Every structure is written in C-alpha cells, then in structure tokens.
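> turn this into a model:
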Amino acid sequence: MTEPDVGLPPSIGDRAARGLVWVAFERYGQQAITFFTFVVLSRILAPTAFGFLAMGVVYTTLVEELIDLGMGPALVQRAQLDDRHRNTAFVVNVVIGFGFAALGWMGGGLVAALYRQPDLTPVIQWLSLGFAVEGAIVTQEALLRRELKFRVLTTRGIAAAIMGSIAAIVAASMGAGLWSLVILQLTKRVAGFVVLWSASTWRPRLQFSQHHLAEILGFGWYMLGSRLLTWVSQRSDDLMIGLFLGPQALGFYGMGYRGFNLLTAAMSGVMNTVVFPALSELQADRPRFLKAFRSATTANALVVLPVFAALALFGNDVVRVLFGAEWAPAGPVLRVLSLIGVAQAVVGLTNAALLALGRSDLTFRIGLASTFINVVGFAVAVRWGITAVATAFVVRAYLLSPLGLLALRRVADLRIRDHLGLFVGPIAATLVAVVAASATVSGIEPQSAWARLIVGFSVGGVAYVGAAYAFAPSIVRDAAARVRRALPKRAAG
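Coordinates of the predicted model:
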C-alpha cells in the first residue's frame, strides 16, 4: 500500500518547522521546569494546598479568557492588519485587565463563599493582581505569534518559569505553605512581562478605533465563545470536585490532571501554537493547506501516541516515583486521562485548522457540544470520586472526536478516510511497544516502581522506534527531515 504524501510546502513548512523548534523548546523547557517545581513542592506541601490553588485557578483562568476577548487569535488570523488594529486591541486589553484586577481584589470573598472556604479569599485577591499584567501582554504576544517569532516567546516563557520556580521553592522551604504557590503564579507573570517588553520592538500608542475593534471582534467573539466553552469544559471538573469533594480530593485530581495536561501542552500544544499561524498563511491555497495539515497531524501523532500509551501503562509508577506514596490516589487519574491519546492524535489539530480558515463559528459550535457533555458527565460522575470524573472526560473526547473532522470535510474538502489512514502506521507501532513493555514488566513487583519504569520505558521505546520505521517510514522520514532543516537554520540565525 502506497503511503500518502505528507510533505509540507517548503517555504511555510521550513518557517513553521523552525518555529516549532523554538515553541517545542519553550514548552518542553517550561513543562520540565514546572514539573520539577511541583515534584519538589509536592514533597513539602500537603495535597490540600494544591487543592486550594486549583480552586483559585478556576477563577483566574476564566478571567484571563475575558481579558483577551478573543482578540489575540484574531490579530494572528487577520489577513490585513494596521496600527489601529494593534493599538485598539492593546488599549482594550489593558483597560479590561486593570478592571478585573480591581474586581478580584474587592470581590475575592464571593469566590471563596462559593466553595465555602473563607481561607481562599486572600488567595483570590492576590492572584487577581496578575490580571493587570496579563492585559498588557496579550497584544504583544499575538503579534509575535503572527510573525512566527517564537524565539522571543521562548525566552519569555523559560525565564518566567525559572524565576517562578526559584521563588516558589525558596518560599516553601521557608514555611510559606500555600502562599508559595501564589508566589509562583505572580512571579511568572511579572517576569514574563519584563522579558517580553524588553525583547519586543513594537510599542503601542494610546489610540482607539471603534471601527477597527469591530473588525477584530468579528472573528474574536466566536473565538472568545469557543474559549469560554473550553474553560467550562476543562474547569468544570475542578469546580465540581472542589464543591462536592473538597480541597484534598481536588489536590489529588489536580496532580494527576497536571501530569496529563503538562504532556498535552508540551506535545499537541506545541503543534497547535505553530500550526495556526502557519496554516493561516495558506488559507487561500486549499491543496497546500491540506498538505500542511496532514504533515503536522502525522508528526503530532508520532509523539502523542507512544507517550500517552506509556502513561496509561505506568501512571501509578510515575506518581509513586515522582511524588511519593502520599499521592497514590493521583495515579489512577493520570492513567485514565492518558487513554485519550488516540483521539488527541487524530483530531488534536482540527481546531487550529478551522481557526486558520476563519471558521471560529464552527469551533464554537463544537465547543458548545463538548461543554454540554463534559458538564453533564462530570455532574453525574463526581459522586463516584475523582477517577470516575477522569473517565467522563475521556468518554466525551471519543464521542465528539468526529465533529472536527466532519467540519473540515465541509469547509476544506478533507477526505476523512484518507486522513484516518495516516494513523494506521503510528497506531500499529504504538501497539507493538505496549505489548513489548507490558510483557517485559509483568514479572516485576508493583512496589518496584523504579525498575518497572526503567525497564518498561527502555523496552517500549526501542520497540516503538523500530516499529515506526517499519510501519510508517515516510512519515518518520518527513518529520525527521523537517527537524534537521530547522535546527541549523535557527542556530545560524
């Protein structure tokens, strides 16, 4: 059987590949630093402290979406952009950011009352101060993404993560407890702001145009709606667990979900960040658009499938080794969430493709369906505990995974059967690795977590690489060639 051509158009492909290297460095670097930080902090702080932080983050992430108003992605996607678009977006974001900072400081007690946790009030108040900083970086970040200048964004992300990590670990070591987590969040925001504004050459002017705001929001409203639905879909589990099961259960669930989310951000998140602006440049050339989409999707699948399969097998061992026996309830959560891997590989980039075509209305409708099923599923599952909530999340992902593909078939003539055929090789290679790793560790005691991880990852990794070259050689060669071309060009520049 002849494998489909998955090559990316040279000019856009190489620029996107170079951007991908920097985004990958940023995400992997940030995730590694964040992961290290939480491993250290998990040995110092109780699960309840992480639960309180998660309660606060439910609120802060909602406000962050409202500050953006969908204008960041709109600035990236818009074909024609002038200074009045940029300045108007900046002024609106800053005003909204300062407004929410004041509102959070004055109304933090209302959020705490919702959880029936009065000690949460000062946490909400201090976290809200970061909204003023967020409003001042939305436009800067969007313009850099539009120009595929990911090197600056990488510097910002890594520097902020390092500064936040140092501040949090020092504070926790000095007995700050929960406040070390608050310090982590605020330090990252301030450090990121300083680095971004120091590196960026664009400076805003105090200029506002209602006409240009309307042009931006024409795309942005749908984008905002999609993001708010995503927030409800992704945060309603934290909200319900916090309300009905308490901060300790939320701490366990949050740690398991954090491991899953770190990997998602570091893999599909990296690809989405680069794919959206790259595909936006190709939106008028449908054949090249689809070719680029196929290339990005298969490259994403090569990494996503084996990593999530490994966590589904060894999630309990990972939690025991990294966080200690005290965090054992987080292991089943991590394992269940990792079962989402196949869906993530097949449809993980469909939203980016639809947005690149300007169809934020379709992503909104898909998000609406996803949100409804998630909320209902979480509400039903929460009575059976945190693992049941994780199961509801995975079931929803598979139920709705066809919607993105159907939307792309409608607006971009995507051939779904051909698209699904791209994953036969990577899935087969993953299954070979799973069987090899499972058989190898079957005789190792569950208490020997280190041994199970070392042996399982080593055997599974070797099996996967060999099987991938056997079952999907052209996909592997295409992905490897892009990386090879990207590295020296960026290094030379």
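
> Gly348 and Ala265 touch, don't they?
No: in this structure, Gly348 is not within contact of Ala265 by CB atoms under 8 Å, at 11.7 Å. Yep, even glycine has a C-beta here, placed from its N, CA and C like the rest.

> so which of those two has more stuff around it?
Just comparing Gly348 and Ala265: by other CB atoms under 10 Å the higher neighbour count belongs to Gly348, 25 against 17.

> now the more buried one, what are its backbone angles?
Torsion angles at Gly348 (phi, psi; degrees, to the nearest 10) stand at phi -60, psi -20.

> buried stuff in the biggest helix by length in the chain?
Looking across the chain with DSSP state H, the single longest helix is helix 286-323. Buried residues in helix 286-323, counted by 16 or more other CB atoms under 10 Å: 288-320, 322-323.

> ok, stretch 231-240 next?
For stretch 231-240, the neighbour count (16+ other CB under 10 Å) marks Trp231, Val232, Ser233, Gln234, Arg235, Ser236, Asp237, Asp238, Leu239, Met240 as buried.

> and stretch 415-433, by the same measure?
Neighbour-count burial for stretch 415-433 flags His419, Leu422, Phe423, Gly425, Pro426, Ile427, Ala428, Ala429, Thr430, Leu431, Val432, Ala433 (criterion: 16+ other CB under 10 Å).

> helix or strand for the first one, which one?
Secondary structure from DSSP states H and E places His419 in helix 416-421.

> what residues does that helix touch?
With CB atoms under 8 Å, 6 or more residues apart in numbering as the test, helix 416-421 has contacts from Pro4, Arg294, Thr297, Val346, Leu405, Leu406, Arg409.

> and the helix or strand following that helix with helix 286-323, angle?
Next helix or strand after helix 416-421 toward the C-terminus (DSSP H and E): helix 424-441. With axes from the mean of the first three to the mean of the last three CA atoms, to 10 degrees defining the directions, helix 424-441 sits at 10 degrees from helix 286-323.

> just after helix 424-441, pick out the following helix or strand.
helix 449-471.

> that following helix packs against which elements?
helix 286-323, helix 424-441, helix 473-492 (3 or more CB pairs under 8 Å, 6 or more residues apart in numbering; DSSP states H and E).

> what pLDDT, on average, does the first one get?
Summarised as a single mean, pLDDT over helix 286-323 is 87.

> buried ones in stretch 389-401, by neighbour count?
Within stretch 389-401, the residues scored as buried using 16+ other CB under 10 Å are Val389, Ala390, Thr391, Ala392, Phe393, Val394, Val395, Arg396, Ala397, Leu400, Ser401.

> export these to JSON lines and append columns for secondary structure and distance to Trp450.
Converted to JSON lines, the buried residues of stretch 389-401 look like this (DSSP: H, G, I helix; E, B strand; the rest coil; distance: CB to CB, whole Å):
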{"residue": "Val389", "secondary structure": "helix", "distance to Trp450": "29"}
{"residue": "Ala390", "secondary structure": "helix", "distance to Trp450": "25"}
{"residue": "Thr391", "secondary structure": "helix", "distance to Trp450": "28"}
{"residue": "Ala392", "secondary structure": "helix", "distance to Trp450": "32"}
{"residue": "Phe393", "secondary structure": "helix", "distance to Trp450": "29"}
{"residue": "Val394", "secondary structure": "helix", "distance to Trp450": "28"}
{"residue": "Val395", "secondary structure": "helix", "distance to Trp450": "33"}
{"residue": "Arg396", "secondary structure": "helix", "distance to Trp450": "34"}
{"residue": "Ala397", "secondary structure": "helix", "distance to Trp450": "31"}
{"residue": "Leu400", "secondary structure": "helix", "distance to Trp450": "38"}
{"residue": "Ser401", "secondary structure": "helix", "distance to Trp450": "35"}
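
> now render these as a markdown table, adding pLDDT and distance to Ala472.
Listed next are these as a markdown table, based on pLDDT from 0 to 100; distance: CB to CB, whole Å:
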| residue | pLDDT | distance to Ala472 |
| --- | --- | --- |
| Val389 | 94 | 35 |
| Ala390 | 94 | 30 |
| Thr391 | 95 | 30 |
| Ala392 | 93 | 32 |
| Phe393 | 90 | 29 |
| Val394 | 92 | 25 |
| Val395 | 92 | 28 |
| Arg396 | 89 | 29 |
| Ala397 | 87 | 23 |
| Leu400 | 87 | 26 |
| Ser401 | 86 | 21 |
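
> now for those, which pair is the farthest apart?
Val389 and Ser401 (19.5 Å; CB to CB).

> local confidence estimate at the closest residue to Ala199 other than its chain neighbours?
Nearest residue to Ala199, sequence neighbours excluded (CB to CB, 6 or more residues apart in numbering): Val152, at 4.5 Å. For Val152, the pLDDT comes out at 77.

> what is the burial count for Val152?
20.

> same question, Ile166
15.

> got the buried residues for the host helix or strand of it?
Using DSSP H and E, Ile166 falls within helix 150-173. Neighbour counts over helix 150-173 (16+ other CB under 10 Å) mark 150-165, 167-169, 171-172 as buried.

> now stretch 357-371: average pLDDT?
Rounded mean pLDDT across stretch 357-371 is 83.

> which stretches of the stretch 101-250 of the chain have low pLDDT?
Where the stretch 101-250 of the chain drops to pLDDT under 70, the residues are 219-220, 222-223, 226.

> residue boundaries of the helices in it?
Counting by DSSP state H, counting those that start in this stretch, one finds helices in the stretch 101-250 of the chain at the ranges 121-128, 130-135, 138-146, 150-173, 178-199, 210-244, 247-266.

> and the ones you listed: which comes nearest Glu64?
Judging the helices of the stretch 101-250 of the chain by CB to CB, what sits closest to Glu64 is helix 130-135, at 5.8 Å.

> show me what that closest one is packed up against.
Identification of packing neighbours for helix 130-135 by 3+ CB pairs under 8 Å, 6+ apart yields helix 47-68, helix 83-115, helix 178-199.

> can those helices go into CSV with extra columns for distance to Gly254?
Listed next are these as CSV, based on distance: least, CB to CB, whole Å:
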stretch, distance to Gly254
helix 47-68, 4
helix 83-115, 14
helix 178-199, 11
